[in-house]
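>>> Build the 3D model from these lines:
(chains A, B and C)
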Amino acid sequence: MRQTKSTTFGKFMERFLKYAFLTILALFFLFPLVFMFVSSVKNNEMQVVSDMSNIRGFIPYGDLGFQNYLDVFTRMNFGRFMFNSVFITVTTVVLGMIFNSMLAFALARLRFKGQHFIVSLIISLMIIPIESVVIPMLLMVNKVGWIDSYQVQIVPFIAEPFFIYLFYQFFIGIPRDFDEAAVVDGASPATIYYRIIVPLSRPVFASVAILQSIFRWNEFLWPLMVTRGETYRPLTVAMQQFFSQDPKLWGDIFAFASMITLPLLILFLFFQKWFIRSVASSGIKG
Amino acid sequence: MKKLLCILLAVAFLAPLFAGGKQEAAAGGPVTIKVWFHSGKGEEREVLNAQIKEFNTMQNEVKVEAVMLPEGSYNEQVSAAALAGDLPDLLDFDGPYVYNYAWSGHLIPLDKYISADLKSDLLPSIVAQGTYGGKIYALGTFDSGLAIWGNKAYLKKAGIRIPKGIQDPWDFNEFNTALKKLQALDEVKYAIDFKMNYGQGEWYTYGFSPIVQSFGGDLIDRSDYQSAEGVLNGPESVAAMKWFQSLFKEGYSNVKPAGDDDFYGKKIAALSYVGHWMWTPHSKALGNDLVLLPMPKFGKKVVTGMGSWCWGITSQAKHPDAAWKFLSYLMQPSQILFMTNANGAVPSRKSALARSKLYGKGGPLEIFADQLKAGLGMPRPITPAYPTITTAFAEAVQNIVTGADVKTELDKAVKKIDQDIKDNKGYPLPK
Amino acid sequence: MKSDISNASSSVSMKMQRRREALTAWLFSAPSLLLLLFFLIIPFIMAFVLSLTDQRMIPNPNLPTEFIGLRNYIRLFGEETFYRAILNNFIFAAIVVPLQTSFALILAMLINQKLKMINLYRTIYFSPVVVTMVVVAVVWSNLFNPTEGFINQFLKFISFGRIQPIGWLQDTHWAFPAIMILSIWQGVGFQMVIFLAGLQDIPAELYEAARVDGASKWQQFRFVTLPQLRNTTIFVVITTTILAFKLFTQVWVLTKGGPQNATMTTIVFLYRQGFRQLRVGYASTIAVVFFLIVLTISLFQRVFLKEEGGR
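Model (predicted):
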């Protein structure tokens, strides 16, 4: 009798400690985001500034409301920039998943001359940072008259060595028996790719979707170089408008920041369960 | 392969030049000009949009098509456009960055457009800022003013003389004594706020090179703009920066203020070394306690910062005359006042200045105007090497205020500046 | 005789099949390869050519770009700031890669428990990953504020006032650690998810077998979890290393490489030379040298961390 009591108590304590630990960590990850959001709903600009540098920045008090959000909408064409960012990101990610996985499939599952060379090439291309090639790239896209357009922000980023490598790693881990059986049934490589590899690789597709969305959504330097007016300007460039003037309107900055963070957070919320669960359910052993 | 690459590169670099020379057939109806401007303050943007609208409706020869680019990255965007060869007809530049464009032939001289009347009505600082190689390449509708704002209550409590105008500024000793007395007050944590929260960047050069110049130093030898040796690292400049460093070391100023408002919000700073643009927040928060003090005479002479955004017409412009038509509209005294009443900057023409509530006779910001009219404003170095100079100097300032050896840092800056000038063959003037 | 013919015909059909396979492979590869060629390989080769010139950002027709041989390279290798930048990249990688990788693994194991609301915690831990780096940097710069910033206030509170305020982004000793803390905070969630996927991939039978053998929790971790996560770990280490070397945005927003080059990194240096000082040729030189250095490192990593199941 006593024993059961102590074990239930022990279990309770263990559980309590676990949650306490998880929560402390959660606070560590959350506090800057709370700070951002809380500051964004303070209507009084003076209060935002004086609270920003201390603990009061985390406490919603005073005149609260969505004035800063309204300001962002009235001060700029926010809807347009949001559409641009969403359109560019979605198009790049969808095309990127198709093209990158196709190349990875060829490298991982088919045999052809030069494939080893291409694999090494892809791995070394992963290293090149965008900052080092923007200027030559700018000269090239300028030649074809792509300055200030959607395609200039989409096409160069569809193929991405890092994602090709991710797909490649994953495809190589899929047991060969699957497609050998299909080959015996007379399936062509395209059928194997489409019917076998893609369905088995949902987790890697989900990871690439999330990662490429993050990368594209946050791209700043390139759109800065190649967009001119507001028509094709993405959110990251539009945000610069707030950093230019002193004194800075921090309330508006945090409202803007909250609004550009939200879509990706929602995207992750939708994808995460699906992609982590599909790892477990796909039955692939490493 | 190599040949192919060379051709590829050559085509890529040279093509824009040819493309720029293309002329559009003059058709009937209004000519359209493309205008770029930085979208900074909300008020500036609104005024300019209103001006463009008015200009487009009041005449039907020129149609202005404007594009706003975010200021935070404006320089990068304009240089990318210059590299790509698709600059618009008319655009604005952040003061000293204009020289690089003038030097490389991306701008046309405006002298033939500027009448003698206009020229004599302009602030001397505006002419100085726009002139490169003897020709005027840029005109601004407003200028900026740099001085010291004070909290009158603190100054009185500490028993410090408040100068009346530019005729009786503090000298070096008076300034140092004032700092000491202010620092001793209980309410005051820092005697002076140098706006270090703006961070390493243009502010450092704009704000602190006047101190160096007041001591008798400078950023570069202005006789021929070929070297900074012995000037930026000369004894005067070193003395200036050593003194500046000591203000932070001894706690008179904060290297990293907690926010923007040490002076006007928290009121823990007694003085604020900053420009005219802080008028609204300062006057709102301090009211009658706010006093504007002229730039002190740190050393041999009084020097203040100056310069602001200014307009230039590009050599790629298909219709430079049309572009000038719009620019001269912006330069009308009434339009200048329209803009400066909104953004609070110093009007660039004396006739507009006289009619300004803020800067005119008896206005609260008259000191800024007086400083500029008296020619105390020294333009930042008029050379295409400016981007290198400002980066090198700002880096040196950052390191110096955080405790690095002054002479070593200035020597490093000089080396960078001189090397850049040498690499570009002394930046020969365009023929 | 008969078998010979059938052999020959089967080898012909084999060849046919091989050729068809190769053709399909090239068709599959072509779109991505062409895109890589145009938007990465050719620009990089152009960058190499530019590195041998004095190309300016704002070209001047009166002073055309000249080939200057190896001058940029010679100058780069004589530049103190460059060595500092490379050294900082190495320090950053040496500290952040192991820290972040182990932290990510710990988080993944915590999240891999069967507890109520665990999904919520997982989302929270991941959430910094989706925040734009510019936003992250702006928020943290306020938290790092020396006098009143939350972090110093917090340290003061938990140490009963014994910890003196730290000038996080101004102090040459603390600026880089501050950047590291922020980078780990922002990046660890991503590796956590990768490790989590790896953990969920480990068959439950392995743990059961270990328990039957009387293995302690630590032994289970040491002899089941770690070896099973080998490939995942290698992947995480390699990608984190590459990202560590590309370190740029947070530094640019927060310190621009200062104070006194304490946070200078190679890409910050490159950006400053190319876009601020408008020296495209010199910036390209930095890009080429940077590429060679990181390539060497990742080759070494690959040799030392030979993956299992690879080719």
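>>> Can you report how many residues lie near the nearest residue to A:Ile172 once chain neighbours are set aside?
Spatial nearest neighbour of A:Ile172, excluding adjacent residues (C-beta to C-beta, 6 or more residues apart in numbering or on different chains): A:Ala108 at 4.6 Å. Yep, even glycine has a C-beta here, placed from its N, CA and C like the rest. Residues within reach of A:Ala108, counting by other C-beta atoms under 10 Å in any protein chain shown, total 20.
>>> what's the distance between the helix or strand harbouring A:Ala108 and the middle of its chain?
Here A:Ala108 sits within helix A:78-109, counting by DSSP states H and E. Counting by C-alpha atoms, centre = their mean, to the nearest Å, helix A:78-109 is centred 11 Å from the centre of its parent chain.
>>> pretty sure A:Asn100 is touching A:Glu160, no?
Yes: using C-beta atoms under 8 Å, A:Asn100 is in contact with A:Glu160, at 6.3 Å.
>>> Would you agree C:Ala47 is in contact with A:Met137?
No: using C-beta under 8 Å, C:Ala47 is not in contact with A:Met137, being 9.4 Å away.
>>> nearest spatial neighbour of A:Leu33, skipping sequence neighbours?
C:Ser127 (6.3 Å).
>>> Got the phi and psi for C:Thr53?
phi -120, psi 170 (degrees, to the nearest 10).
>>> Helix, strand, or coil at the nearest residue to B:Thr314 once chain neighbours are set aside?
Spatially, and ignoring its direct neighbours in sequence, B:Thr314 is nearest to B:Leu87 (4.5 Å; C-beta to C-beta, 6+ apart). Put simply, B:Leu87 is coil when judged by DSSP: H, G, I helix; E, B strand; the rest coil.
>>> tell me which residues of the helix or strand containing B:Asp420 are tucked away?
Secondary structure assignment for B:Asp420, by DSSP H and E: helix B:406-423. Neighbour-count burial for helix B:406-423 flags B:406, B:409-414, B:416-418, B:420-421, B:423 (criterion: 16 or more other C-beta atoms under 10 Å in any protein chain shown).
>>> Next: stretch C:145-163.
Quick answer for stretch C:145-163 (16+ other C-beta under 10 Å): C:Asn145, C:Pro146, C:Thr147, C:Glu148, C:Gly149, C:Phe150, C:Ile151, C:Asn152, C:Gln153, C:Leu155.
>>> among those residues, which are in helices?
C:Phe150, C:Ile151, C:Asn152, C:Gln153, C:Leu155 (DSSP state H).
>>> and those residues near chain A, which?
When C-beta under 8 Å from any C-beta of the partner chain is applied, the members of these adjacent to chain A are C:Phe150, C:Gln153.
>>> farthest-separated two in the ones in helices among the buried residues of stretch C:145-163?
Greatest spatial distance in these: C:Phe150 and C:Leu155, 9.7 Å, computed using C-beta to C-beta.
>>> I'd like the distance between the residue of the stretch 51-200 of chain B found nearest chain C and A:Leu224.
As assessed by C-beta to the nearest C-beta, chain C sits closest to B:Ser104 within the stretch 51-200 of chain B, at 3.6 Å. For B:Ser104, the distance to A:Leu224 (C-beta to C-beta, to the nearest Å) stands at 21 Å.
>>> Good, we can wrap up now.
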